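Peer 1: model this:
(2 chains)
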Amino acid sequence: MIFWLIAEVIKILIVFAGLLMAAAYLTLLERKVAAKIQNRMGPMEAGFHGLLQPIADGIKLFFKEDIIPWDADKFLFLLAPVIVVIPALTTFAVIPFGAPIKVLGHTVPLQITDVNIGILFILALSSLGIYGVVLGGWASNSKYSLLGGIRTAAQMISYEIPLVLSIIGIIMIAGDLSLANIVSEQSHVWFIVYQPIGFIIYLIASTAEMNRVPFDLGEAEGELVAGFHTEYSSMEFAFYFIGEYAQIVVNSAIIVTLFLGGWQGPFLPSVLWFLIKVFFVVLIYLWLRWTYPRLRYDELMDFGWKFLLPLALANIIVTGFIMILINK
Amino acid sequence: MEALFYVFSIITIFSALMVITMKNPLTSALYLVLCFFALAGFYVILDMQFLAAMQVLVYAGAIMVLVVLVIMLLNLSKIKKIKADLHQIFIAVIILIILFAEIVLYITKGSLKKPTGIYTRALINKVGNTQIIGEFLFTKYIFPFEVASILLLVAIIGAYLFAKKKY
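Peer 2: Model (predicted):
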């Protein structure tokens, strides 16, 4: 019992620290990738090739003046950035990031907790991140923020449906909601082979869910200044940033777990395989951001409701038919 | 487990009270979200993880977001004065008394012995309650399930027609 408790606490600390570090260094990675795509160098001054840039940014944001608008709803204004970060970090609790290891004769699964409804847990939490954005937009009491918040809310509701439906195919094939079992089901063939369309729908819908270009209508800087976080400064602004980048890491980890075989892979240690795969999915997200222009708002809604949603439904039906035909 | 029950009870009752006493409608809506979360906690205590996830996913994650969106669009914060209606208070008191009487009756007359079905706790933990709920929905309760889905479809079409109507 004591051993189990200590192991859990250590795992939680490792995941927590790892996620925060990953979120911090993703800012650097994003700037480097953007620079590469735009044929620039990116940050070069702080440390070797800008390696200390995230720390410098963090210190800078920490010492910035903390401005709260006079007419803002102060409590909600401060609560909103926190609501963005917490679901993003909590989601990682059910994601298995390595094969079970043996420590002192006990088998320790490299997953904080294996709940039997793993996927639903993830979906439930990811549907909550929206509150941070919407509340931030409303509590700022500014027109740009409010517009950004409302746009984001409408967008996230629209894209959450294809996001959920794209996973149904995986659940049907695996026959289980537990993420540990889904990973072990993929020991021979990754689910991306069975569910290529589900994979693409999830990739697109999760990009929209995270408000990233080409779906960042909520913070379109050309029209809304910075959208829902226009009025934020200092650490509250940093929280929005941490939340966004933590979401990228978590979403990549979910994609790896559901579609790319989780931590499974030959030769290398399982944790390393997991990290490599997550890194590549993160690169896909960054690549999408810096090579696509932003959609217009009506195009965005049309795309979600008239294309992604029917496609996701068709994917479920076809998957069901094929499963019956081959008698799985 | 019992300690958790009390924690969730306190949160539920507190947030439910705040929902009806808060002046700002948006704050009320947020307390309602908290209330749903505490209810999800009850489901987890009762080993109904599926219901807990659905509670958060559907109520907190989807329905309340729409409510919050509508509140934001209406901008109700401008409305300062709320009219106190005597009729409302009268009806509310009567309903309150009836509900309270029901609770008292239930606590005094009810017994701890409940009929046990074929699904014992051990079996549920073995098979998983998601699977059991799914099986029931698609076998025994297939008719009400389909009727409910058609009802929702009709509601969607109705809402669409109202939204499209030109005045």
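
Peer 1: then stretch B:150-164 to CSV, C-alphas only?
Peer 2: Provided in CSV are the C-alpha atoms of stretch B:150-164 (Å, rounded to 0.1, in the frame of the first residue of the first chain):
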residue,chain,number,x,y,z
ILE,B,150,-36.3,10.5,-32.8
LEU,B,151,-37.7,13.1,-30.3
LEU,B,152,-34.3,14.8,-30.2
LEU,B,153,-34.2,14.8,-34.0
VAL,B,154,-37.6,16.4,-34.2
ALA,B,155,-36.5,19.0,-31.7
ILE,B,156,-33.4,19.8,-33.8
ILE,B,157,-35.5,20.2,-36.9
GLY,B,158,-38.0,22.4,-35.0
ALA,B,159,-35.2,24.6,-33.6
TYR,B,160,-33.8,24.9,-37.1
LEU,B,161,-37.2,26.0,-38.5
PHE,B,162,-37.6,28.6,-35.8
ALA,B,163,-34.2,30.0,-36.4
LYS,B,164,-34.7,30.2,-40.1
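
Peer 1: Report the contact partners of the residue of chain B found nearest chain A.
Peer 2: Nearest residue of chain B to chain A: B:G61, at 2.8 Å (CB to the nearest CB). Where you see a C-beta, it was placed from the backbone N, CA and C, and this is true even at glycine. Neighbouring residues of B:G61 by CB atoms under 8 Å, 6 or more residues apart in numbering or on different chains: A:123-124, A:127-128, A:130, A:160.

Peer 1: could you redo the last one with a cut-off of 7 Å?
Peer 2: Neighbour list for B:G61: A:124, A:127-128 [criterion: CB atoms under 7 Å, 6 or more residues apart in numbering or on different chains].

Peer 1: a markdown table for these, including neighbour count?
Peer 2: What follows is the contacts of B:G61, written out as a markdown table (neighbours: other CB atoms under 10 Å in any protein chain shown):
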| residue | neighbour count |
| --- | --- |
| A:A124 | 22 |
| A:S127 | 23 |
| A:L128 | 23 |
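
Peer 1: So which of the residues you listed would count as near chain B as well?
Peer 2: Restricting those to those near chain B by CB under 7 Å from any CB of the partner chain leaves A:124, A:127-128.

Peer 1: just to revisit the earlier point, is it fair to say the residue of chain B closest to chain A lies in a helix?
Peer 2: Yes - counting by DSSP: H, G, I helix; E, B strand; the rest coil, B:G61 falls inside a helix.

Peer 1: what mean pLDDT does the one helix or strand B:I132 maps to have?
Peer 2: Using DSSP states H and E, the element containing B:I132 is helix B:129-138. If you average the pLDDT over helix B:129-138, you get 82.

Peer 1: now do stretch A:229-238
Peer 2: Across stretch A:229-238, the average pLDDT comes to 79.

Peer 1: Can you give me the buried ones in it?
Peer 2: A:229-232, A:234-238 (16 or more other CB atoms under 10 Å in any protein chain shown).

Peer 1: distance between it and the chain's centre?
Peer 2: Offset of stretch A:229-238 from its chain centre (CA atoms, centre = their mean, to the nearest Å): 20 Å.

Peer 1: For B:V33, see how far away the residue of chain B closest to chain A is.
Peer 2: Distance of B:G61 to B:V33, given as CB to CB, to the nearest Å: 9 Å.

Peer 1: Which residues are in contact with the residue most central in space within chain B?
Peer 2: With distances taken as CA atoms, centre = their mean, B:F36 lies nearest the centre of chain B, 6.6 Å away. Contacts for B:F36 (CB under 7 Å, 6+ apart) come out as B:55-56, B:59-60.

Peer 1: got those residues as CSV, with neighbour count columns?
Peer 2: Conversion of the contacts of B:F36 to CSV gives the following (neighbours: other CB under 10 Å):
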residue, neighbour count
B:Q55, 22
B:V56, 25
B:Y59, 18
B:A60, 22
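
Peer 1: Quick check: B:T130 touching A:G118?
Peer 2: No - using CB atoms under 7 Å, B:T130 is not in contact with A:G118, being 10.9 Å away.

Peer 1: Mutual contacts of these two, please.
Peer 2: Here B:T130 and A:G118 share the contacting residues A:L177, scored by CB under 7 Å, 6+ apart.

Peer 1: ok so, going back, chain center to whatever helix or strand comes next after the helix holding B:I132, what's the gap?
Peer 2: Downstream of helix B:129-138, the next assigned helix or strand under DSSP H and E is helix B:142-164. Put simply, helix B:142-164 sits 20 Å off its chain's centre (CA atoms, centre = their mean).

Peer 1: Contacts for helix B:142-164, please.
Peer 2: Residues outside helix B:142-164 that contact it (CB under 7 Å, 6+ apart): B:L137.

Peer 1: same question for it, mean pLDDT?
Peer 2: On average, helix B:142-164 scores 89.

Peer 1: just stretch A:33-50 next, same as before
Peer 2: On average, the pLDDT along stretch A:33-50 is 83.

Peer 1: What of stretch A:277-289?
Peer 2: pLDDT averaged over stretch A:277-289 gives 89.

Peer 1: Check which residues of that stretch are buried.
Peer 2: A:277-278, A:281-282, A:285-286, A:288-289.

Peer 1: try stretch A:111-123
Peer 2: Buried residues in stretch A:111-123, counted by 16+ other CB under 10 Å: A:111-112, A:115-123.

Peer 1: same question, stretch A:148-161
Peer 2: Residues of stretch A:148-161 classed as buried: A:148-161 (neighbour count, 16+ other CB under 10 Å).

Peer 1: and chain B, which of the residues you listed reach it?
Peer 2: The subset of the buried residues of stretch A:148-161 within reach of chain B, by CB under 7 Å from any CB, is A:149-150, A:153, A:157.

Peer 1: tell me which parts of the stretch 151-300 of chain A are close to chain B?
Peer 2: Counting by CB under 7 Å from any CB, the residues of the stretch 151-300 of chain A close to chain B are A:153, A:157, A:177.

Peer 1: okay if I get those residues as CSV plus pLDDT?
Peer 2: Below are those laid out as CSV (pLDDT from 0 to 100):
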residue, pLDDT
A:A153, 81
A:I157, 81
A:L177, 81
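
Peer 1: Looking at these, which one is closest to A:L52?
Peer 2: Of all those, the one with the least separation from A:L52 (CB to CB) is A:A153, at 37.2 Å.

Peer 1: so who does A:A314 touch?
Peer 2: By CB under 7 Å, 6+ apart, the contact list for A:A314 is empty.

Peer 1: What distance do you get for B:V68 to A:G58?
Peer 2: Separation of B:V68 from A:G58 (CB to CB): 31 Å.

Peer 1: Give the residue spans of the chain that score low on pLDDT.
Peer 2: The chain I'm using is chain A. Scanning chain A for pLDDT under 70 picks out A:218, A:221, A:328.

Peer 1: hmm, I had chain B in mind actually
Peer 2: Filtered on pLDDT under 70, chain B yields the residue ranges B:75-84, B:110-116, B:125, B:127, B:166-167.

Peer 1: any idea how it splits into domains?
Peer 2: B:1-81, B:116-167 (automatic domain parsing).

Peer 1: just those domains: most buried one?
Peer 2: Highest mean neighbour count of these: domain B:1-81, a mean of 16 (counted as mean count of other CB atoms under 10 Å in any protein chain shown).
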